[in-house]
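> dropping the sequence and predicted coords here.
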Amino acid sequence: MVNTSVTLCGVEIDNPIIPASGTFGYGYEFAELYDINILGTFSFKGTTREPRFGNPTPRIAETASGMLNAVGLQNPGVEKVISEELPKMRKVFSKKVMANVSGFSIDDYVYICRRLDECDEVGWLEVNISCPNVHGGGMSFGTSPKSAEEVAKAVKKAVKKPVIIKLSPNVTDIAEIAKACEAGGADGVSLINTLLGMRINLRTRRPLLKNTTGGLSGPAVFPVAVRMVYQCAKAVKIPVVGMGGVASAEDVLEMMLAGATAVEVGAQNLVNPFACRDIIAELPEAMEKYGISSLRDIVGAAL
Amino acid sequence: MVNTSVTLCGVEIDNPIIPASGTFGYGYEFAELYDINILGTFSFKGTTREPRFGNPTPRIAETASGMLNAVGLQNPGVEKVISEELPKMRKVFSKKVMANVSGFSIDDYVYICRRLDECDEVGWLEVNISCPNVHGGGMSFGTSPKSAEEVAKAVKKAVKKPVIIKLSPNVTDIAEIAKACEAGGADGVSLINTLLGMRINLRTRRPLLKNTTGGLSGPAVFPVAVRMVYQCAKAVKIPVVGMGGVASAEDVLEMMLAGATAVEVGAQNLVNPFACRDIIAELPEAMEKYGISSLRDIVGAAL
Amino acid sequence: MKQTIFEIEKNNPLTENVYEMTLRGDCSEITRPGQFVNICLDGFYLRRPISVCDVCGDRLTLIYKVVGKGTEKMSQMSSGSLDLLTGLGNGYDTSVSGGSPLLIGGGVGVPPLYLLAKKLLSEGKKAAVILGFNTKSEIFYEDKFRGLGCEVFVTTADGSYGIKGFVTDALAGLEYTYFYCCGPEPMLKAVYKNTTSSGQFSFEERMGCGFGACMGCSCETLTGYKRICRDGPVLKKEEIKW
Amino acid sequence: MKQTIFEIEKNNPLTENVYEMTLRGDCSEITRPGQFVNICLDGFYLRRPISVCDVCGDRLTLIYKVVGKGTEKMSQMSSGSLDLLTGLGNGYDTSVSGGSPLLIGGGVGVPPLYLLAKKLLSEGKKAAVILGFNTKSEIFYEDKFRGLGCEVFVTTADGSYGIKGFVTDALAGLEYTYFYCCGPEPMLKAVYKNTTSSGQFSFEERMGCGFGACMGCSCETLTGYKRICRDGPVLKKEEIKW
């Protein structure tokens, strides 16, 4: 009997499988398909201070072994998330959820995190300083160690729950950003957010995405994600949540060997709505195949 | 009758198709398969001052729609390249070739470029400041605008032939590096070199590559390459040579719409040795399909 | 929604680049006309959403146009199995149609109207159909609609067959209690302007998941943001922001 | 080198995870035993290099072990066509073998020795063969080599069949003019140490292209850098750096 449980920032979860923000809504579309309480937890749709429609469509494009998205943080805003979405979510998900937060100013981050910190349903705050699809703010916080540290510091001062900073891969040295977050008091980092990409329509000679660029995700980015998780795990002592192109139980093991304490699954939920259920089901057999009795033992084994 | 010719840094080439350095050797393996004089030109194996074996094996790994390599600039050194490889190459390739140069110091770059600048066979110098697989030097020159500009300046002072600086995608702002190269006097920039990636062997729990990390190439990186070519073409006036995951005539058109004056084909030569021959053969039909009479007209049309 | 493996039964061209594929599998989740399936194709990361043309027991009929590499690959499959997500989208609401609804389809917007017409007729209603195409060689399913007993008007932009012009040129003088429309957006807008009754429109948008998770295909309506894939693809005339 | 489409004729397991695939296609580029083909598989970016076990006219026989997702997919193909690069690698030089060469193979290193044995016998030489396996259930092709008329010694590490131990345990007392060896590197090294004559070794390495372009599979030898895929996979005992 293998043990799949891990401890993420002091909170034990049954398994390290966490649907990534923006690919799982608030859970209830998936709860119609399977009991989502089998998940370690999930990270809900990125929450901003005000409601947002996001970017104009088309905001999805296909690539080799991946996809581009430029949704741009569509969400009803933090107050509606608390008053409407979380109660609906609670009906189908009884575990602690990860609250994903995006802002356009340090004040935004602090305000939203403080509001969500007060919610029983929330177990962790995932602070997204790396959204490539919003202008002014978003990724800009994630591309400089200084601003990353400032966000971490400010949010940590305002909340009691563990704070995980979600990092951008579109940087020269991601380990440096991770160290800055640790220095700012972050309880963990999660990576990678999407790689900035672009496709062009040969007929119209215009970008396929109305937003021009979008975030690349899917198996195409997996080797970049593994490398960055490895670099960050070497650089910091706080837990690293790995994500980026994870599509199978073996991918989860590879991420954990690279240093991930838990693993988020993103784009794969969109092409196979049962992806996380399947991965959780396949984990024990994969663990036995590679002689792993307890998942927490292999975190960073390749470092 | 469509026109596929383009002008790269003052030199007209019959078509924009250029096999990328490190995927085409010195041409003669491919000359056994087809007449390589159909190519616009090709960029030969990265040349260093001294002979190099490169990194220990394994130095190749597979990824979704791509591959990792950590060859590490195996080459016989500039003197042997000039005395042995170029004469052999000349027997099978009568056009001007692109000389790819790597160094570990500005002095290296200047020395090697000066030696190759003297060779009749050489039409362009492609200065690689972005190799992710060599330690001390290589990529480090390509991750700071200051050192990129210094390399461009120093090399330009030493040579007469057009200098194209090959850029790393593993940076926060590639357009800034391209601008620095332009400021340093570079005649062009080529991008993207490989994205730094990693895979781990689940059985051994060690990296699949002996070098730990390697460079990701193949269709997986194409959307990142298109985005960076677009960003650089917006930022500089000198020609941009686009590369990264190009595998078809339509990919070539997409790169050119993004701002590429010419297009290098890399990894695809390794999985389909006839890739460049096929792309050149398919170009006219693809151009007609999208109403393109002359390739040079569409460069940057999506900007 | 259900994920099911379907077996390809037939896959034949109806016109130069429009194909009719029939498959066999579990269609139990397909409850309304105007819904779609999302098809997984080897070598392509995203699924391909295709509207349901007809369902009969475990036989599913899809009509699709070859527009890219994915649909091109589909057009080459003569047998084998496909992984489908079925029962996607809200579909058309026939309860509000009144006694003599009008169905208006353009190009590959025509297929979903076929199952809709069958449903309306089975409810004892009298369905008239306007089918719009660019030219005679692109026409398909005219006879199929006639076979159901619908009154059918065909328009061609170049006048090579039927009424010359667009579907709106066939609207003049027609009596109808309600309308259902599917086709390219310019056609939808023209129908929106030129119809007297209320009605429903089926929309298209680039989708990520096709079941409401990724927010890739959202649009703004008078009743708030809607996901074309889940809150749509069918929207009521009254909620559209035009 | 040639790129050719081959048709799969048969694909059957010889042991639990070793398969024998026979294909039909243009084998004209396969000129020497010990060469390999590089196989393109749908859904995998890099080709899979597999050594040639036998060639007879346009019939090609490959033996491969299922070690990953690619070879697993190959093992599931019972028909259809495959895109192969043929005639890769230098292969074994039989001109230097003398009258009674010894062939030494371990595990999936055994297959290339089959075509080699045929070649040597056709040259009127007397070929003895040592086949090493871990255990009885993993043994294949013993009878095939006997069928050629070779003297065959089988070793198993666990002693469940034939001589207990490694191929080197079968060497003692054997007379041979030359040797040819293929198998895992530890075995090659043991043979290197325990052989009296000169010989040739076939090496394995992760390859990018398989035809000498990418330098992915280079190794250092006493006669300079060699590309396993093009200057190898066969190296002479004298040039190996051990």
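Done, it's in.

> okay, CA-based contacts and neighbour counts for the rest of this
OK.

> which residues in the stretch 201-303 of chain A form helices?
A:222-235, A:249-257, A:268-271, A:275-289 (DSSP state H, counting those that start in this stretch).

> chain C is nearest to which of the ones you listed?
Evaluated with CA to the nearest CA, those place helix A:268-271 nearest to chain C, the distance being 4.4 Å.

> the closest one vs chain C: in contact?
Yes: Helix A:268-271 lies within reach of chain C by CA under 8 Å from any CA of the partner chain, at A:L270, A:V271.

> show me how far that helix is from its chain's centre.
The chain centroid and the centroid of helix A:268-271 are separated by 14 Å, computed with CA atoms, centre = their mean, to the nearest Å.

> quick revisit: a markdown table for the helices of the stretch 201-303 of chain A, including mean pLDDT?
Output for the helices of the stretch 201-303 of chain A, formatted as a markdown table (pLDDT from 0 to 100):
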| stretch | mean pLDDT |
| --- | --- |
| helix A:222-235 | 98 |
| helix A:249-257 | 98 |
| helix A:268-271 | 98 |
| helix A:275-289 | 98 |
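
> D:L235 is nearest to which of those?
Closest approach to D:L235 among the helices of the stretch 201-303 of chain A is made by helix A:222-235 (33.7 Å; CA to CA).

> and the residue in chain C that chain A sits nearest to, how many neighbours?
Taking CA to the nearest CA, chain A has its nearest neighbour within chain C at C:C209, 4.4 Å off. Using other CA atoms under 10 Å in any protein chain shown, C:C209 has 27 neighbouring residues.

> got a list of what it touches?
The neighbours of C:C209, taking CA atoms under 8 Å, 6 or more residues apart in numbering or on different chains as the test, are A:L270, A:V271, C:L46, C:R47, C:G216.

> and the nearest residue to C:N11 once chain neighbours are set aside, how far is that from C:Y45?
In space, and not counting its chain neighbours, C:N11 is closest to C:M21: 4.1 Å by CA to CA, 6 or more residues apart in numbering or on different chains. Distance, C:M21 to C:Y45, using CA to CA, to the nearest Å: 21 Å.

> just to revisit the earlier point, can I get the helices of the stretch 201-303 of chain A in CSV with distance to A:F141 and mean neighbour count?
Converted to CSV, the helices of the stretch 201-303 of chain A look like this (distance: least, CA to CA, whole Å; neighbours: other CA atoms under 10 Å in any protein chain shown):
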stretch, distance to A:F141, mean neighbour count
helix A:222-235, 18, 25
helix A:249-257, 25, 26
helix A:268-271, 27, 23
helix A:275-289, 30, 18
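
> any chance of the ones you listed in CSV, plus distance to chain D?
Below are those laid out as CSV (distance: least, CA to the nearest CA, whole Å):
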stretch, distance to chain D
helix A:222-235, 14
helix A:249-257, 12
helix A:268-271, 16
helix A:275-289, 13
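
> quick one, which of those helices is nearest to C:T31?
helix A:268-271 (22.4 Å).

> which strand or helix spans the residue nearest to C:N11?
Applying DSSP states H and E as the criterion places C:M21 in strand C:18-24.

> next structured bit after that strand?
Next along from strand C:18-24, by DSSP H and E: strand C:36-40.

> run a quick neighbour tally on the residue lying closest to C:T195 once chain neighbours are set aside.
Of all residues not flanking C:T195 in the chain, C:L171 sits nearest, at 7.7 Å (CA to CA, 6+ apart). Neighbours of C:L171 under the rule other CA under 10 Å: 18.

> please list the residues of chain A that sit near chain B.
Near chain B, when you scan chain A using CA under 8 Å from any CA, you find A:63-66, A:143, A:170-173, A:195-203, A:205-207, A:213, A:216, A:219-221, A:223-228, A:250, A:253-254, A:257-258, A:290, A:301-302.

> ChimeraX command for the buried members of those residues?
In ChimeraX, this line selects whichever of the residues of chain A next to chain B come out buried by 16 or more other CA atoms under 10 Å in any protein chain shown:
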select /A:63,64,65,66,143,170,171,172,173,195,196,197,198,199,200,202,205,206,207,213,216,219,220,221,223,224,225,226,227,228,250,253,254,257,258,302
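
> ok, A:D297 to D:F201 distance?
For A:D297, the distance to D:F201 - CA to CA - is 41 Å.

> same drill for those two, tell me which one is more crowded.
Using other CA under 10 Å, the more surrounded residue of A:D297 and D:F201 is D:F201, with 25 against 14.

> from chain D, how far off is the residue nearest to A:I238 when sequence neighbours are not counted?
Counting by CA to CA, 6+ apart, A:I238 lies nearest to A:G188, which is 5.1 Å off, once chain neighbours are set aside. For A:G188, the distance to chain D (CA to the nearest CA, to the nearest Å) stands at 34 Å.

> direction included, what does the lengthiest strand in chain C pair up with?
Longest strand in chain C, counting residues (DSSP state E): strand C:2-13. Pairing partners of strand C:2-13, with direction, according to DSSP bridges: strand C:18-24 (antiparallel), strand C:81-88 (antiparallel).

> contacts only, for A:A233.
A:P239, A:V240, A:A258, A:G259, A:A260, A:G300, A:L303.

> with A:T4 instead?
Shown in contact with A:T4 (CA under 8 Å, 6+ apart): A:D14, A:N15, A:P16, A:L283, A:P284, A:S294, A:L295, A:R296.

> same for chain C: which of those residues are within range?
Filtering the contacts of A:T4 for proximity to chain C by CA under 8 Å from any CA leaves nothing.

> quick check: which element contains the residue of chain C found nearest chain B?
Among the residues of chain C, C:G43 lies closest to chain B, at 9.5 Å counting by CA to the nearest CA. Per DSSP H and E: C:G43 is located in neither a helix nor a strand.

> got the phi/psi numbers for it?
phi 90, psi 0 (degrees, to the nearest 10).

> excluding residues flanking it in the chain, which one is nearest the most centrally placed residue in chain C?
In chain C, the C-alpha nearest the mean C-alpha coordinate belongs to C:P112, at 3.0 Å (CA atoms, centre = their mean). Closest residue to C:P112 apart from its sequence neighbours, by CA to CA, 6+ apart: C:C53 at 4.6 Å.

> tell me the domain boundaries of chain C?
Chain C breaks down by automatic domain parsing into domains covering C:2-88, C:101-199, C:205-242.

> for the lengthiest helix in chain C, packing partners?
Counting residues, the longest helix found in chain C (DSSP state H) is helix C:111-122. Counting contacts by 3 or more CA pairs under 8 Å, 6 or more residues apart in numbering or on different chains; DSSP states H and E, helix C:111-122 packs against strand C:48-56, strand C:102-106, helix C:142-148, strand C:179-182.
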